[in-house]
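Undergrad: Structure for the following, please:
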Amino acid sequence: MDKIKELYKKYKEVINYLIFGVLTTLVNFVSYFIFAKVFKIDEVISSGLSWLCSVLFAYITNKLFVFESKTTRKREILKEMASFFLSRIVSGALCDVGTFAIMVKVLNINDVVAKLVTQVMVVILNYLLSKLIVFRKSKRD
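TA: You can find the predicted model right below:
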């Protein structure tokens with residue numbers, strides 16, 4: 001048990017990111033299913049809407065549980081939020097909507113398969129952007 005605790009402590013950020021990444025992906029898939037299959041909204045529009053739902057969930061969980069951001073000043077929080085949402089716009093546009101649209105509309109790949117592939121891409125890109133840009137620890141931390 002001590003070994004597990006030690007490993008968790010050593011890799012806490014990555015483990016938490018993966019846990020909340022899975023939950024964020026679940027939010028994305030469930031909301032996509034609701035938009036595309038229940039409400040019969042176009043696949044690409046549904047993908048964009050599901051991306052928005054998952055980004056809102058991801059910001060809260062990444063800030064509080066993954067990177068444990070200690071921002072307290074209004075200006076810092078706004079900068080953090082802006083960079084988080086901008087990074088998600090980049091990953092959303094490139095992967096979750098752009099690549100998805102090409103896969104579904106041009107390559108005629110099944111929308112569920114395309115969604116799975118693009119979500120893997122999104123998780124990796126989002127971790128890198130969050131770690132290196134959004135929640136980057138300053139030298140004084």
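Undergrad: Every contact and neighbour count from this point should use C-alpha atoms.
TA: OK.
Undergrad: does S54 really touch T24, like I thought?
TA: Yes. Assessed by CA atoms under 8 Å, S54 is found in contact with T24 at 5.4 Å.
Undergrad: which stretches of the chain have low pLDDT?
TA: 138-141 (pLDDT under 70).
Undergrad: Can you tell me what sits against stretch 10-22?
TA: Applying CA atoms under 8 Å, 6 or more residues apart in numbering, the contact partners of stretch 10-22 are 8, 58, 61-62, 65-67, 123, 127.
Undergrad: Got a PyMOL select line for the buried ones in those residues?
TA: Entered in PyMOL, the line below selects the buried ones among the contacts of stretch 10-22, by 16 or more other CA atoms under 10 Å:
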select buried, resi 58+61+62+66+67+123+127
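Undergrad: So which of the contacts of stretch 10-22 is the closest to V30?
TA: A58 (14.6 Å; CA to CA).
Undergrad: ok, and that closest one, which helix or strand is that part of?
TA: Using DSSP states H and E, A58 falls within helix 43-61.
Undergrad: tell me the two of the contacts of stretch 10-22 that are most distant?
TA: Y8 and A58 (20.9 Å).
Undergrad: rewinding a little: what packs against the next helix or strand after the helix holding A58?
TA: On the C-terminal side of helix 43-61, the closest following helix or strand by DSSP H and E is helix 74-91. Other helices and strands packing on helix 74-91, by 3 or more CA pairs under 8 Å, 6 or more residues apart in numbering; DSSP states H and E, are helix 43-61, helix 111-129.
Undergrad: Buried ones in helix 74-91, by neighbour count?
TA: Residues 80-81, 83-85, 87-91 are the ones in helix 74-91 that count as buried (16+ other CA under 10 Å).
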